[in-house]
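Visitor: Provide a 3D model corresponding to the input given below.
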Amino acid sequence: MPPTKLLPLLFLSGCFLLTMASALAYWEHTFPKYPLCLRSCTAESNHDRFLACHARCRLVRETDPKRAREIEREKEGHGHDDDDEEGSGRTRIHRDPEERAREPERPWEQDPPTRESEEGREGEGEGEGEAWEHHSGGGRRRRNPYHFNHRRSFHTRFQNEHGWIRALQRFDRDDENFRAIRNYRIIEFETRPETLVLPHHSDAEYIVVIVLGKAIFSIVENDNKETYNVEAGDFLRVRKGAIAYFANTDSNQNLRILKLAIPNFYPAGFSNPKSYYSAFSRETLEATFNDNYDTIQRVVLGNGEREEEEHSSEQQEGVIVKVSREQLRELRRHAKSKPSSKSSSSSSSSCESAPFNRRDIPVRFSNENGKFWEACPEKFPQLQNLSIHINLVDINQGSLLLPHYHTSAIVVAQVVDGNDGELEMGCPHAAKQRSSNSDHQHEDEESEEGQIERLSSRLSSRDVFVIPTGHLVALKSSRNNNLRVVGFALFAENDEINFVGGRKDNVVNNIDKEVKDVSFPGSGQEVERLFGNQKESYFVKLQGQSQSQSQSQGSEGRKEGMRAPLSSILGAFF
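Guide: Numbering: from 1, shown residues only. Predicted coordinates for the structure are as follows:
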């Protein structure tokens, strides 16, 4: 064959060899195990075994994990181009839902919720999952489950131009410390001047606190009705099944009321809330009122023609309605003043619903940095058979209520005045929960005994917090504002308040020096000298150095104590 005719054949052979070499390099890069498998097949002399070997090699290629990942990325890139992350050029991998369900949740990878997102979760049990708070030190910490921010945790039950009613979310979190109080509710009322909250009743006892303003408060039971003039700082008890209503008598100031209660039912009003009587049949209603159904429908149910009634438009406004000054004067004419401090302490049944004022409550702890009042059933018949104490705390600006704990009570408290305060809590339950969720639970079961976690939260006016039994707590005011708190100590029978700092009522001071010697890192003598440095009790002035240390510790999110129980308790604060 002439040389000129061999050149094209040589060129084609070279291209073929180059292609084969490139393909082999590709297969070796893409499937490193596949070429080795093919080479092993050449040693097979039996044709059937040779074919079986090639089949195994194809299986190796198809199941190669590296290739499988590349194929998945190629599919995602072609099928979900719109899901590319903005500005990154990366493609999101869409995994099988069952695979995602098997993966553990990673709350630490979630962004901290914004105020809008938290408010948008009303009615969905917000705050129950793991969440985070920013700290002034730049870090972020796990949200204190015992702190309820008023912007996120209150649900609006009713609102119109005359005021609103808000209820705190239920205490039904998956936490053993909430089990005993899950049926208690905190409800807030705020009404504008010269308005009336229509009669309503509760299926359980409840306590009312007048936080701001002046009002006329009426309580109706069977053939008895008591109407009182009340003002800020007054407390009332409304018994089970009683009907209550109140009017803001001030012409300029809003009325604000806090209530510890179980959910309400309203016996009067238009479509919101629904009337008692709409649940019954026509026959039952006509027999109840001894009148025809049209009249009942027009007057009580509100479903008939009511244009001729002058107050029809007011009834449509719901629970809170505007009242005239003449109507207020008539209500005020039937009201009576609160009984004196001496009569409010009597045991007569007529005084059980009578209001008492903060000025009637004895001071339990006080000094120049703050005061702590406590009302107990022994002195106030309004609290009898409820096993509830009422605590009032007023912390002067730049001061601290020293670390303490309740021996049997669970305290539900609200900040009624003051911003930028701080709540610090030593929580053994939180430390135990965190440890139980770790990957080394079986190794930590013994070491978690005596461990404690520090939980802290910024406090603003209207915020609510819970202090479980036996949990140490300290409250700080800001340098610019007093901090005022009202607390309901539930299950408070035989409750004691024990401090772990300060000169008086400090339980640590009663521990033998020899026991302190083995309970703390320092010697017993050093511990006694340190605890003796503080000459004040209950309330102390904050030091600039200790405040800065507290902020730096807070940015860490938590602080665990040592194995020794006393060391771990104090380690939550210092």
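Visitor: How many residues are close by the nearest residue to Phe154 once chain neighbours are set aside?
Guide: Computed as C-beta to C-beta, 6 or more residues apart in numbering, the closest residue to Phe154 that is not its neighbour in sequence is Arg166, at 4.3 Å. Any C-beta I mention is one placed from the backbone N, CA and C, and that applies to glycine too. For Arg166, the count of nearby residues is 18 (other C-beta atoms under 10 Å).
Visitor: Phe491 too?
Guide: 17.
Visitor: mind listing what it touches?
Guide: Contacts for Phe491 were tallied using C-beta atoms under 8 Å, 6 or more residues apart in numbering; they are 180, 387, 408-410, 469.
Visitor: Please repeat the previous calculation with a cut-off of 6 Å.
Guide: For Phe491, the contacting residues are 387, 409, by C-beta atoms under 6 Å, 6 or more residues apart in numbering.
Visitor: what do you get for the one 4 residues further on?
Guide: Shown here is Asp495, whose contacts under the criterion C-beta under 6 Å, 6+ apart are 406-409.
Visitor: So the closest residue to it other than its chain neighbours versus Glu286, what's the distance?
Guide: Nearest non-adjacent residue to Asp495, counting by C-beta to C-beta, 6+ apart: Ala409, 4.1 Å away. Ala409 sits 50 Å away from Glu286, going by C-beta to C-beta, to the nearest Å.
Visitor: quick one: which of these two has more around it?
Guide: Ala409 (26 against 15).
Visitor: Go ahead and confirm that one touches Gly487.
Guide: No: with contact defined as C-beta atoms under 6 Å, Ala409 does not count as touching Gly487 (9.2 Å).
Visitor: Okay, and the beta partners of Lys541?
Guide: Residues in a beta bridge with Lys541, per DSSP bridges, are Ser399.
Visitor: Just the pLDDT for it.
Guide: Reported pLDDT at Lys541 in the predicted model: 91.
Visitor: do you know how far it is from Asn482?
Guide: Using C-beta to C-beta, we find Lys541 at a distance of 13 Å from Asn482.
Visitor: May I have the distance across stretch 352-361, first residue to last?
Guide: Start to finish, the residues bounding stretch 352-361 are 16 Å apart (C-alpha to C-alpha, to the nearest Å).
Visitor: Kindly report the same for stretch 241-252.
Guide: 33 Å.
Visitor: can you pull the buried residues of it?
Guide: Within stretch 241-252, the residues scored as buried using 16 or more other C-beta atoms under 10 Å are 242-250.
Visitor: So which residues make contact with that stretch?
Guide: Contacts of stretch 241-252 (C-beta under 6 Å, 6+ apart): 191, 193, 195-197, 199, 201, 213-221, 238, 255, 328, 331.
Visitor: any idea of the mean pLDDT for that stretch?
Guide: Average pLDDT, stretch 241-252: 92.
Visitor: Could you do stretch 420-430 as well?
Guide: 81.
Visitor: Just the CA coordinates for that stretch, please, in CSV.
Guide: The C-alpha trace of stretch 420-430 is given here as CSV (Å, rounded to 0.1, in the frame of the first residue of the first chain):
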residue,chain,number,x,y,z
ASP,A,420,-33.5,47.4,81.7
GLY,A,421,-33.6,45.3,84.8
GLU,A,422,-32.1,41.8,84.9
LEU,A,423,-33.2,38.4,86.2
GLU,A,424,-30.5,35.9,87.1
MET,A,425,-31.5,32.3,88.0
GLY,A,426,-29.5,29.3,89.1
CYS,A,427,-31.3,26.4,87.4
PRO,A,428,-30.2,22.8,88.2
HIS,A,429,-33.1,21.5,86.0
ALA,A,430,-31.8,23.3,82.9
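Visitor: residues making contact with it?
Guide: For stretch 420-430, the surrounding residues in contact (C-beta under 6 Å, 6+ apart) are 452-453, 455-457, 459, 465, 471-474, 476-478, 483, 569, 572.
Visitor: just to revisit the earlier point, with distance to Ile497 added, can I get the contacts of Asp495 in a markdown table?
Guide: Compiled in a markdown table, the contacts of Asp495 are given as follows (distance: C-beta to C-beta, whole Å):
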| residue | distance to Ile497 |
| --- | --- |
| His406 | 6 |
| Thr407 | 8 |
| Ser408 | 10 |
| Ala409 | 9 |
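Visitor: which of those residues sit farthest apart?
Guide: Longest distance between any two of these is 7.6 Å, between Thr407 and Ala409; criterion C-beta to C-beta.
Visitor: between the buried residues of stretch 241-252, which is nearest Arg185?
Guide: Ala244 (15.3 Å).
Visitor: Distance of the closest one relative to Val411?
Guide: Counting by C-beta to C-beta, the gap from Ala244 to Val411 is 25 Å.
Visitor: ok, now Leu258?
Guide: 15 Å.
Visitor: domains of this structure?
Guide: Domain assignment for the chain, taken from automatic domain parsing, gives 147-273+318-351, 361-571.
Visitor: Good, wrapping up.
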